[in-house]
Structures are given as structure tokens and as C-alpha cells.
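>>> got a structure for you, letters missing:
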């Protein structure tokens, strides 16, 4: 295949349409609101709210990952907690062995653990990519409800594997005593950590937009809309879907690594099917297949969790009502309400 | 280059083709004709492996291709313009053309020269195009895969007369360029002048083959009249 760039010399962000669509403006608006909130909270000396903003950015990043599979690729994965959790465990296990000065998995010959964030992020990308490849290669033979079930089954396998591995805390999870570091930066400073999360979220959004506006995105959309039609044009749909699924898992994995560092803890709860559902809810709330949908969904979800969760422990009842309303009356989610009709319906 | 040898195809338990033979030589335009329900679309589906034939052979340049996956068959140089101008309506015109493109003679510029209307609408969503423009887009999309044989199912069905003329003009141009074409269409007045060879199906069998001028009124009445 030749690349799109060779056919199209200049490409503005949204395929040479209007330079700034309403969706783009709202996307930037959401990013700015989040950044402004974090900076304001930092200046006001409220680290709790800075961390809350970090949490939104991380959860949004996980959603951006899932959105690539679920929204753009039409693959309803109910097992993305597997990648989220594996990313978290990569950060936790790396820190554990770096703290211990012991080789990885306690096996002599393996290198020692690392507490450097770039190393952990790359490891999370690599491990999640491999796991997503294995899960995707098997699961993509199915579709519809079977795909949902098989991805759930894989995630549950990994969940029980983590629960039954005592070295890394088993059911109790694994604390990260000292937040992993990045040379030259004080990652313990909430604002610095937020900036890192935001930078990765921005990178993921940028890359997703690039890919979706390129030939890969068009082919992925075609595979979602009509596999047969794509096949009769000489393109096999499955590798395209698999690539999207792998990238999707990798992005969610990095989010997991950040999440473990944010909480200073990684446990099996990061791998549980509730978590898969939560990421899916965020994508649906924000708008399925909308670039900034997961960000909008994450803001709404975390705000509800914090504000309503402070009032009543039954806050998820209200989440359910909101979700029901979105599914019934606003299928484009928050982005659909704010930015109007989606491009890839 | 393409030859279909007595293929039999079934949809589940019900058999639709009982022995279809046809051949397309390089540079030829072959018209596949027959009333509704006689197996024209099923023949095309069988060639592309969408409903693989139970018996018989489909040969491309002497190589059997029946039973292969659709995308492999398409990669061998077959381009399909399916019935009902099936574009990807959520994508723009340009995305439709580029996503499945293969390097070769046909480029975005050449397709846009063939159908200037597509050039004007390059950034428009395909769903905003008229039916005729969508058919042009479907043809353009097939051409962008740089096929050696273009297969058009119901090339001008349901289109406005002005658009039909544009499509027929394009088909003439493609034929003059030496592209092999297998064409299904119901308007004999426009189909016969451009065809080199005709294949008439009846009840899932090849009932008649010959030159367009050999297709007498009696034959037309017997096989094609309503």
C-alpha cells in the first residue's frame, strides 16, 4: 500500500474541510478547561483537585484507547480493563523490583526493575501490544455478542491470574512506595504529574486524529461499515481491525501505568470487569467514535463520581440514569449534544 | 482472461446457478443479460467469492480462483462495482477513492478527469451525493484498485437520463482504454452498441451467447422481454 501522503500533498486537520470545525473547537475547549482547572487548583493550594484533574486525563486516555476499537472500529471490547490493569502492573512491578534492587520476577538473569516512567511506559506499550495481539487474533474471528464475551473472558483470565500471584500482592495488590520518576522532573508535584498525563492524552488524541484522517482510518471505517465491500476492493478487513485493536490496547495500557502511579497502588481491581464497563461507559457518555468523546465522558464521569459520590454512596444510580438518558435520547453522547452530528455516523 | 466454467452456486439449500459459462477476453466488454432472478448477480457474487460456487471453475488467466477469499480475488485484478452504488456514505469522496487504492494507471487525478463531478465534491461526504454521483464514485473506487477486469452490476439502474449518458460515456472511454469489462444492465439500446459479446442467463444457466447483432428480436423476446 502506498501512503496517503503521497497522494495528498497538504492536509489540514479535518481533511481539508473547514479549518476549525465545531468539534475541534469544543475538543480544544475541553482540554483548556481541564488544564485551567488544574492550574487554578494548584495555585489555590488544592492538590486534591489537581490529582482529580490527573485522574480525568488518565481515564480519558484509557477511553481514547477503547474508542479506537469500540467507536472507530466497531469492536465492542468488554475486556479493556485487561490492558488498563496490565499497564498498571507493569508500573507496579517495575517499581517493586527497582525498590528491592531485585531482578524482574525474582529470576536471576533478568534485568533489575526500573522506576523510570519512560521505560515503564514503553514496557506497558510493548506488553499490552503483545497481549492485545494475542487476544485480538483469537477474538476477531468472532463478532457481535461473541466478541464481547470472548474479550471479557480473556480479561477475567488475566484478573484471576493477578489475584493468584502472591509475589505481587495477589488479591491485596501492590503498593508503589515512591512514585516512578522522570529525569529532570519532580513527578511528586501534582501539577507536574498532571502535565505528564495531559501530554500523553494530547499525544494520543493527536495520533488518533492523524490515523483516522489517513488511509488507515478510512479503511477501518469501511471495515466497520461493510466488510464484504472492503474485501471486494482487495483489502482484507481483519488485519486492519487487529491493528486498531492492538493500538487501542496499547493506549489503554499506558493509561493504566499512569493510573497506578497516580494512586501509588495497583491491584486486581484495575483488571476487573467493572473497570472494563467503566471505560466503556466513559466512551458512551462522551460520544462513541468522537475524537474528544472520551475526554468529555471522563470529565462527566469523574465529576459525578466526586460530587455525587460525596453526597451518597449510591451515586452510581444517578450515573445509570444519565447513561440511560444518553443512550435513549442523545446517542452522540456529550459530544453529540455540544458539537452536533458526528462525522462517522 | 476470465473464464467461468459451468459453475453451480447455492444459497444455503436453494440452488441459484445450475451451470453458468462465460468468458471475457482481454479488452472485451461482455454483457451479462437476463431477466430478474435469472442469476446475474449470483454469477458475479460467485466470481468474487462472496458466495463461492459448489461446482465448476472460475479461471483468471488460466488460474483457478474459486474458493479463494474475496480480498485475494480482488487483489488478482478484479474490480467490482456492486449493484445499488454501494459507496461508504460516512466517508468523503476522496476517502472513498483513496482508502482501497492500489498503485497503477488509475490515480485520483485520472478518476477525477473521468468524472469531473467527483473532483468538485472531493471533500463532501458521500451521503450528500446524488444517486448518479454515488454510482460514479463506486466506479471510481473500483478503478482506483487498478483492476484488469471491471465488473459492473446494474451500471445505470435507477439513474436520471443525463447521468446515465455520462456513465455510458465513461464506460466507452474505459473500453477504448483497453480495460476488460463485464457489465450487467437492462437498457439494451445503450448496452448492445458497446458490447463485444453477450451472455444471456435463464434460470441459472447460460442460455445463449453470441455477438450483439446476432441477438434477434425473437431472442430478446424469449430471454429478456418482460
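On my side now, so go ahead. What you are looking at is a predicted structure, and each value in this text was computed from that prediction instead of being measured.

>>> So which bits of the longest helix out of those in chain B are buried?
Looking across chain B with DSSP state H, the single longest helix is helix B:161-176. Going by neighbour count (16 or more other CB atoms under 10 Å in any protein chain shown), the buried part of helix B:161-176 is B:163-164, B:166-168, B:170-171, B:174-175. C-beta: built from backbone N, CA, C; applies to glycine.

>>> That one - contacts with which helices or strands?
Applying 3 or more CB pairs under 8 Å, 6 or more residues apart in numbering or on different chains; DSSP states H and E, we find helix B:161-176 packed against helix B:108-114, helix B:131-144, strand B:180-184, helix B:188-194.

>>> I'd like to know how many residues surround residue A:322.
Residues within reach of residue A:322, counting by other CB atoms under 10 Å in any protein chain shown, total 17.

>>> Please, which helix or strand holds residue A:55?
Using DSSP states H and E, residue A:55 falls within helix A:47-67.

>>> Who are the packing partners of that helix?
The criterion is 3+ CB pairs under 8 Å, 6+ apart, and the helices and strands that helix A:47-67 contacts are helix A:22-43, helix A:190-213, helix A:237-263, helix A:273-286, helix A:293-311.

>>> The first one close to chain B?
Put plainly, it is helix A:22-43. No: judged by CB under 8 Å from any CB of the partner chain, helix A:22-43 makes no contact with chain B; its nearest approach is 14.3 Å.

>>> Please report the confidence value the model assigns to residue B:28.
Residue B:28 carries a pLDDT value of 94.

>>> dump the residue contacts of the closest residue in space to it that isn't next to it in sequence.
Spatially, and ignoring its direct neighbours in sequence, residue B:28 is nearest to residue B:196 (4.6 Å; CB to CB, 6 or more residues apart in numbering or on different chains). Residues counted as contacts of residue B:196 (CB atoms under 8 Å, 6 or more residues apart in numbering or on different chains) are B:28-30, B:211-212.

>>> now do residue B:203
B:18, B:38-39.

>>> and if we set it to 10 Å?
Contact partners of residue B:203, counting by CB atoms under 10 Å, 6 or more residues apart in numbering or on different chains, are B:16-18, B:34-35, B:37-39.

>>> ok, now residue A:243?
Listed by CB under 10 Å, 6+ apart, the contact set of residue A:243 reads A:68, A:73, A:133, A:136, A:211, A:216, A:219-220.

>>> Would you mind measuring from it to residue B:92?
The gap separating residue A:243 from residue B:92 is 22 Å, by CB to CB, to the nearest Å.

>>> can you check residue A:104 too?
Counting by CB to CB - residue A:104 and residue B:92 are separated by 48 Å.

>>> repeat for residue B:218
49 Å.

>>> Worst mean pLDDT across the helices and strands of chain B, which element?
helix B:217-219 (a mean of 89; mean pLDDT, DSSP states H and E).

>>> Which positions in it come out as buried?
By 16+ other CB under 10 Å, the buried positions in helix B:217-219 come out as residue B:219.

>>> which residues sit against that helix?
Residues from elsewhere that reach helix B:217-219 (CB under 10 Å, 6+ apart): B:198, B:200, B:207-208, B:210, B:225.

>>> switch the cut-off to 7 Å
residue B:208 (CB atoms under 7 Å, 6 or more residues apart in numbering or on different chains).

>>> now stretch A:65-77
The list of residues contacting stretch A:65-77 from outside it, by CB under 7 Å, 6+ apart, reads A:80, A:147-148, A:151, A:208, A:212, A:217, A:220-221, A:224, A:241, A:244-245, A:247-249, A:251-252, A:255, A:279-280, A:283, A:288-289, A:293-294, A:344.

>>> how long is that stretch end to end?
Terminal residues of stretch A:65-77 are spaced 11 Å apart (CA to CA, to the nearest Å).

>>> How about stretch B:203-219?
With CA to CA as the measure, stretch B:203-219 spans 15 Å from end to end.

>>> What are the buried residues along that stretch?
Neighbour-count burial for stretch B:203-219 [16+ other CB under 10 Å]: B:204-208, B:212, B:215, B:219.

>>> Those residues: which two are farthest apart?
By the measure CB to CB, B:204 and B:212 form the most distant pair in these, at 22.9 Å.

>>> quick one, what contacts the residue nearest the centre of chain B?
Nearest to the mean C-alpha position of chain B, by CA atoms, centre = their mean, lies residue B:152 at 1.7 Å. Contacts for residue B:152 (CB under 7 Å, 6+ apart) come out as B:81, B:181, B:183-184.

>>> Going along the chain, name the helices of the stretch 51-200 of chain A.
Counting by DSSP state H, counting those that start in this stretch, the stretch 51-200 of chain A has helices at residues A:81-100, A:117-139, A:145-163, A:190-213.

>>> hmm, who's touching the shortest one?
Residues outside helix A:145-163 that contact it (CB under 7 Å, 6+ apart): A:75-79, A:81-82, A:85-86, A:89, A:135, A:139, A:142, A:170-171, A:268, A:271-273, A:276.

>>> The second one too?
Taking contacts as CB under 7 Å, 6+ apart, the residues outside helix A:117-139 that touch it are A:79, A:82-83, A:86-87, A:90-91, A:94, A:114, A:147, A:150-151, A:154, A:180-182, A:187, A:242, A:245-246, A:249-250, A:253-254, A:256-257.

>>> Contact partners for residue A:264?
By CB under 7 Å, 6+ apart, the contact list for residue A:264 reads A:175-176, A:179.

>>> Please name the spatially closest residue to the residue nearest the centre of chain A (chain neighbours excluded).
Nearest to the mean C-alpha position of chain A, counting by CA atoms, centre = their mean, stands residue A:62 at 1.4 Å. Using CB to CB, 6+ apart and skipping the chain neighbours, the partner closest in space to residue A:62 is residue A:255 (3.8 Å).

>>> What count of nearby residues applies to that neighbour?
Residue A:255 is flanked by 32 other residues according to other CB under 10 Å.

>>> OK, contacts around it?
With contact taken as CB under 7 Å, 6+ apart, residue A:255 is in contact with A:58, A:61-62, A:65, A:84, A:87.

>>> Recalculate using a threshold of 10 Å.
Taking CB under 10 Å, 6+ apart, we find residue A:255 in contact with A:57-66, A:80, A:83-84, A:87-88, A:124, A:128, A:197, A:200-201, A:204, A:279.

>>> For it, give me the pLDDT.
Here, the pLDDT recorded for residue A:255 equals 98.

>>> Pull up the gap between it and residue B:216, please.
72 Å.

>>> care to break chain B down by domain?
With domains defined by automatic domain parsing, chain B comprises B:1-77+B:148-158+B:171-226, B:86-147.

>>> Pull the distance from the last one to the chain's centre.
Think domain B:86-147. Mean C-alpha position of domain B:86-147 versus that of the full chain (CA atoms, centre = their mean, to the nearest Å) differs by 16 Å.

>>> Check stretch A:192-205 too.
Computed by CA atoms, centre = their mean, the chain-centroid distance of stretch A:192-205 equals 12 Å.

>>> That one: which residues count as buried?
Within stretch A:192-205, the residues that qualify as buried are A:193-198, A:200-201, A:204-205, counting by 16+ other CB under 10 Å.

>>> Give the residue spans of the chain that score low on pLDDT.
Because you didn't say which chain, this covers chain A. Across chain A, residues meeting the criterion (pLDDT under 70) sit at A:1-20, A:341-345.

>>> Chain B, not that one
Low-confidence segments of chain B (pLDDT under 70): B:85, B:226.

>>> where along it do the strands fall?
Shown for chain B, the strands assigned by DSSP state E span residues B:2-11, B:14-24, B:29-33, B:55-60, B:63-64, B:78-81, B:149-152, B:180-184, B:197-202, B:205-210.

>>> sorry, back to before: between the contacts of residue A:243, which is nearest chain B?
Nearest to chain B among these: residue A:219, at 4.8 Å, using CB to the nearest CB.

>>> Quick one: residues contacting the closest one.
Going by CB under 10 Å, 6+ apart, residue A:219 touches A:1, A:230, A:233, A:235-237, A:239-241, A:243-244, B:88, B:91, B:95, B:98-100.
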